[in-house]
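1. Got a predicted model here, sequence first, then my questions.
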Amino acid sequence: MRLNFVRAGVSGLFLGSAMAFATFATMTFAEAATAAATPPPVSQNSAPPPAATPPFKPMDPHVAIQKADDYFNSTRSMIGDFVQISGDRRSEGKVYIQKPGKMRFEYAEPATLDIVADGMTVAVIDRKLATQDFYFVWQTPLKFLLKDRIDLLRDLAVTDVISDPDNVTITVVDQETFGGTSRIKLMFDPASFQLKQWEVTDPQGNETLVSLFNVDRSTPPDPSVFQIKSSRLDSSNSRLLNRSN
C-alpha cells in the first residue's frame, strides 16, 4: 500500500511536469521567451504593513519652560482675536499687546467691558455703566504677557508641566495678584510652541479660560488703543483698587 502511494505521488508529480512541458512546447519561441520574462502577478495582500506610529514622548519639563520663556521674550507685540469663557458666560473680542506693559482687551457686544493697560495702570472700563476700576499692572495675572522679559522659574512659582500630543501645559502660581493668589495654566502648541490658551483661577476660585486665534506678532498695534481716556484722579466714577493685598 505504501509503495503504491509513493508511486502515485511520483506519477502525479511527473504527470504535472509533463503537461507543463507539453504546453510550453506548443508555444512559439517568442511566446516562450515572453512567458519566461513576465513576472508573476503580485498579490494585493503582499504590500508591506504601514510603519507603526512611534509612541508619544512627553516633553522634558525644563525644555518646555525654556521654550515658554523664549516665546514670551520674543513676542514684542500681538494683535489677535480671543474667546473668553467664565462660568456659563462666553465673550469674544480683540486683544492688543505692546511690550512692555501695554494691553487692551476690547470686548464685542453684548459685553460692555474694555480692559486697558497703559504701561503702569490697568483700567477695567464698563462702557454701559461709565465706570472705571484701576489696578497696578503687576497686580494682574497677565504679567507674563506684559513684562519686557520674563523668567517663569524666577518670577513665578511653576507647579506643574504636562505634555500630550495636543498641548504642553505649564501651571504657575502668582501670589501678587489683586485679592490674593492666582493659578494660571499656560497652554502651548507642541509643534510651534505658540501660546494657544490660558486659564486663570482667581483667589476666589473662579475660572476664566481665554483662547487665542488669528494671532499676528509682526504688526505693532496703533498706540492709541492703549490710551486711558480718564485719569483715576479726576473722575468721580473711578475707583482706586491698587492698594496692597
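-> Happy to help now that I have it.
2. Let me know the pLDDT of residue 22.
-> At residue 22, the pLDDT value in this model is 34.
3. quick one: contacts for the nearest residue to residue 218 once chain neighbours are set aside?
-> Among residues not flanking residue 218 along the chain, residue 77 sits closest, at 7.9 Å (C-beta to C-beta, 6 or more residues apart in numbering). Using the backbone N, CA and C atoms, a C-beta is placed for each residue, glycine as well. Applying C-beta atoms under 8 Å, 6 or more residues apart in numbering to residue 77 gives the contacts 97, 98, 99, 217, 218, 219, 220, 221.
4. residues in contact with residue 113?
-> Contacts here follow C-beta under 8 Å, 6+ apart; on that basis residue 113 touches 105, 107, 124, 125, 126, 127.
5. Report the mean per-residue pLDDT for stretch 165-181.
-> Stretch 165-181 carries an average pLDDT of 91.
6. Now do that stretch: distance to the chain's middle.
-> 17 Å (C-alpha atoms, centre = their mean, to the nearest Å).
7. ends of it, how far apart?
-> When the termini of stretch 165-181 are compared using C-alpha to C-alpha, to the nearest Å, they are 30 Å apart.
8. mind listing what's buried in that stretch?
-> Buried positions in stretch 165-181, judged by neighbour count with 16 or more other C-beta atoms under 10 Å: 168, 169, 170, 171, 172, 174, 176, 177, 178.
9. related to what we said a few turns ago, of the contacts of residue 113, buried ones?
-> If you count burial by 16+ other C-beta under 10 Å, the buried members of the contacts of residue 113 come out as 105, 107, 124, 125.
10. Let's check: the centremost residue of the chain is which one?
-> Using C-alpha atoms, centre = their mean, the residue of the chain that lies closest to the mean C-alpha position is residue 189, 2.6 Å off.
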